[in-house]
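Novice: Whatever this is, show me its structure:
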Amino acid sequence: MNARILTCMIAVIVAVAVSGGCMEKSGVEVADVEQVRGYADPVTENILVAMNEGDYAIYSEDFDQTMKNAMTEAVFDETNTVIRSKIGDYVSKEFWKAESKDQYTIVYYRAKFTDEPADVTVRVVFQEINGEMKVSGLWLDSPELRKP
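Specialist: Residues are numbered from 1 along each chain as shown. The predicted structure follows:
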């Protein structure tokens with residue numbers, strides 16, 4: 001049952017991202033990585049720490065409205081339980097790269113979790129909305145997460 005919920009949530013988030021156009025093709029490297037990291041690093045850290053704490057308010061505070069609609073508190077609770085049962089708690093992250101695609105900036109991290117020996121790839125998609133950088137997509141990927 002939990003795997004089915006996780007699969008459905010991933011499908012919803014992917015559908016939201018595809019409809020937004022951020023997955024059509026590979027992006028190009030951003031010109032100012034330090035500027036991107038200035039907003040992306042703290043937002044991503046807040047999201048990952050909020051997952052550890054089960055704190056939906058902090059987890060979703062930088063989401064755009066489409067992400068908030070797709071990742072409600074109930075869905076977060078169910079999805080977060082499945083993710084943490086597979087890879088454990090978030091420990092740390094390391095910036096990997098950032099790309100630009102249309103109006104989106106996609107930022108990648110290699111993260112460590114307590115129960116995942118391999119790196120967990122964290123991909124966060126940002127979009128500027130009313131002068132603020134908002135999260136429009138979020139993915140975690142690792143060998144343990146791919147297991148049924």
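
Novice: what helices or strands is the lengthiest strand in the chain leaning on?
Specialist: The longest strand of the chain (DSSP state E) is strand 116-129. Judged by 3 or more Cβ pairs under 8 Å, 6 or more residues apart in numbering; DSSP states H and E, strand 116-129 is in contact with helix 33-53, helix 73-87, strand 104-113, strand 132-141, helix 143-146. The way it works is simple: take the backbone N, C-alpha and C, and place the C-beta from them, glycine included.

Novice: For the ones you listed, give me CSV that also has mean pLDDT.
Specialist: Shown next, in CSV, are the helices and strands packed on strand 116-129 (pLDDT from 0 to 100):
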stretch, mean pLDDT
helix 33-53, 97
helix 73-87, 97
strand 104-113, 97
strand 132-141, 97
helix 143-146, 96
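
Novice: Pick the most deeply packed of the ones you listed.
Specialist: strand 104-113 (a mean of 21; mean count of other Cβ atoms under 10 Å).

Novice: Check which helices and strands it sits against.
Specialist: helix 33-53, strand 90-101, strand 116-129, strand 132-141.

Novice: For the ones you listed, give me a markdown table that also has distance to residue 83.
Specialist: Output for the helices and strands packed on strand 104-113, formatted as a markdown table (distance: least, Cβ to Cβ, whole Å):
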| stretch | distance to residue 83 |
| --- | --- |
| helix 33-53 | 7 |
| strand 90-101 | 10 |
| strand 116-129 | 9 |
| strand 132-141 | 6 |
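
Novice: Out of the helices and strands packed on strand 116-129, which is closest to residue 67?
Specialist: With Cβ to Cβ as the criterion, residue 67 lies closest to strand 132-141 of these, at 5.8 Å.

Novice: So what angle separates the directions of the closest one and strand 116-129?
Specialist: 150 degrees (axes from the mean of the first three to the mean of the last three Cα atoms, to 10 degrees).
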